[in-house]
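In: please find the sequence and the predicted model below.
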Amino acid sequence: MSLDVLAAGILAGGLYALIGLGISLVFGVLGLMNLAHGELVIGGAYLASLLVVDAGWDPLAALPLAMAGMALIAYPLQRYLLTPLLRGSKSAPLVATFGLSLLAQALFQAAFGTHPKALPASYADTGLSVLGVRVQTVYVIAFGLTVVLCAGTHLILTRTRAGSALRAASADPDTAAVLGIDVDRVYAMTFAGAAALAAAGGVLTGVAQSFTPSSGLPLLLTGFAVMALAGIGSVGGVLAAGVALGVLQSVSVSLFGGGWRDVVVYLAFFLVLAVRPQGLFRKAYAG
């Protein structure tokens, strides 16, 4: 196995971790398995395309606006649709997110068409040489941004009043409400934050590869695999799980060919669920 393969896997794993972080955050706090997370990722890419493709912006300049846009869309969806459903049947929110996934795909098709899109950038196809190892520039950028966002998420969860409220609502929402915490608002802010993280992953995905309205499903499954490896409750665990999955995928492609690219992701997902369902890096939800 060459260092190039290992480096490519590590850097790609950073992007996988960014996609999986939002899924882990929502499931850890709300107990909600968001089946529309892939569409939040692709939604970020499509929002960025309005500025990148139509207005000539650099994708990194459009990224904060895409994150803010997806957060603004996600907040009312959680506050006024999903949170009331969480109080009732446990299956209702899951079905609702599946419906939102289908609705988002239909909206993407209507608004942007079905042809593949990409976010053009000068660094999309360029490479860097680090200690003699050739790596793609976009994945270096993605990995660096993922580390920054993971660190920021960890600090918010562990060092701020909002993080304390979030952890209290996650541990015991009824007691948190008695103590004066607006649990519904905490849930909505968590979902909006997860959507912003997803959008960041979507913009970087759009630079690295083309996307279509149906591209959300494989990204959702990759996020699930990251969450399964990481377990619930560790931001650092999500980053480690993403890197592990990226290396596993890169090595398998190098040894067995591109046809194994997605197979190893799904095998890792089911294997971890069967052998260690709590994940490899699980701890109490403290970031």
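Out: That came through fine.
In: switch to C-alpha atoms for all contacts and neighbour counts from now on
Out: OK.
In: any buried residues in stretch 120-132, and which?
Out: Buried positions in stretch 120-132, judged by neighbour count with 16 or more other CA atoms under 10 Å: 120-121, 124.
In: pull the distance from that stretch to the chain's centre.
Out: Its chain's C-alpha centre and that of stretch 120-132 lie 23 Å apart, by CA atoms, centre = their mean, to the nearest Å.
In: now do stretch 4-24
Out: Mean C-alpha position of stretch 4-24 versus that of the full chain (CA atoms, centre = their mean) differs by 10 Å.
In: so for the helix or strand hosting Thr175, mean pLDDT?
Out: Using DSSP states H and E, Thr175 maps to helix 173-178. Averaged over helix 173-178, pLDDT sits at 93.
In: ok, now which ones touch Leu145?
Out: With contacts taken as CA atoms under 8 Å, 6 or more residues apart in numbering, Leu145 has no neighbouring residues.
In: the one 4 residues further on too?
Out: When contacts are counted by CA under 8 Å, 6+ apart, Leu149 touches Leu197.
In: over to Val95?
Out: Val95 neighbours (CA under 8 Å, 6+ apart): none.
In: so it versus Leu86, what's the distance?
Out: From Val95 across to Leu86, the span is 11 Å (CA to CA, to the nearest Å).
In: touching both of those two, which residues are there?
Out: The contact sets of Val95 and Leu86 do not overlap (CA under 8 Å, 6+ apart).
In: returning to what we had before: which single one of the buried residues of stretch 120-132 is nearest to Gly113?
Out: Proximity of these to Gly113 (CA to CA) peaks at Pro120, which lies at 18.0 Å.
In: the closest one and Gln209 touch, don't they?
Out: No. The pair Pro120 and Gln209 does not pass the contact test of CA atoms under 8 Å, sitting 9.8 Å apart.
In: so what secondary structure elements neighbour the helix holding Thr175?
Out: Judged by 3 or more CA pairs under 8 Å, 6 or more residues apart in numbering; DSSP states H and E, helix 173-178 is in contact with helix 161-171, helix 183-208.
In: check those helices for me: which has the lowest mean pLDDT.
Out: Lowest mean pLDDT of those: helix 161-171, a mean of 92.
In: could you check the angle helix 183-208 makes with that helix?
Out: 110 degrees (axes from the mean of the first three to the mean of the last three CA atoms, to 10 degrees).
In: tell me what helix 161-171 is packed against?
Out: Packing partners of helix 161-171 (3+ CA pairs under 8 Å, 6+ apart): helix 3-30, helix 137-159, helix 173-178, helix 183-208.
In: ok, which of those helices comes nearest Thr114?
Out: Of all these, helix 183-208 sits nearest to Thr114, with 14.9 Å by CA to CA.
In: now the closest one and helix 137-159, what's the angle there?
Out: Angle between the axes of helix 183-208 and helix 137-159 is 170 degrees (criterion: the same axes, to 10 degrees).
In: what's the angle between helix 183-208 and helix 3-30?
Out: Relative orientation of helix 183-208 with respect to helix 3-30: 160 degrees, computed using the same axes, to 10 degrees.
In: ok, back up a step: tabulate the buried residues of stretch 120-132 in CSV, adding columns for pLDDT.
Out: Formatted as CSV, the buried residues of stretch 120-132 follow (pLDDT from 0 to 100):
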residue, pLDDT
Pro120, 95
Ala121, 95
Ala124, 90
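In: same list (these) but as CSV, adding secondary structure and distance to Asp262.
Out: Output for the buried residues of stretch 120-132, formatted as CSV (DSSP: H, G, I helix; E, B strand; the rest coil; distance: CA to CA, whole Å):
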residue, secondary structure, distance to Asp262
Pro120, coil, 25
Ala121, coil, 26
Ala124, coil, 22
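In: low-confidence stretches in the stretch 1-150 of the chain?
Out: Counting by pLDDT under 70, the stretch 1-150 of the chain contains low-confidence residues at 1, 131.
In: can you get me a residue count around the residue lying closest to His37 once chain neighbours are set aside?
Out: Setting aside the residues directly before and after it, His37 is nearest to Leu220 in space (CA to CA, 6 or more residues apart in numbering), at 6.1 Å. A total of 22 residues lie near Leu220 under the criterion other CA atoms under 10 Å.
In: Leu220 reaches Leu35, doesn't it?
Out: Yes. Between Leu220 and Leu35 there is a contact at 7.3 Å, judged by CA under 8 Å.
In: please consider this matter closed, and thank you.
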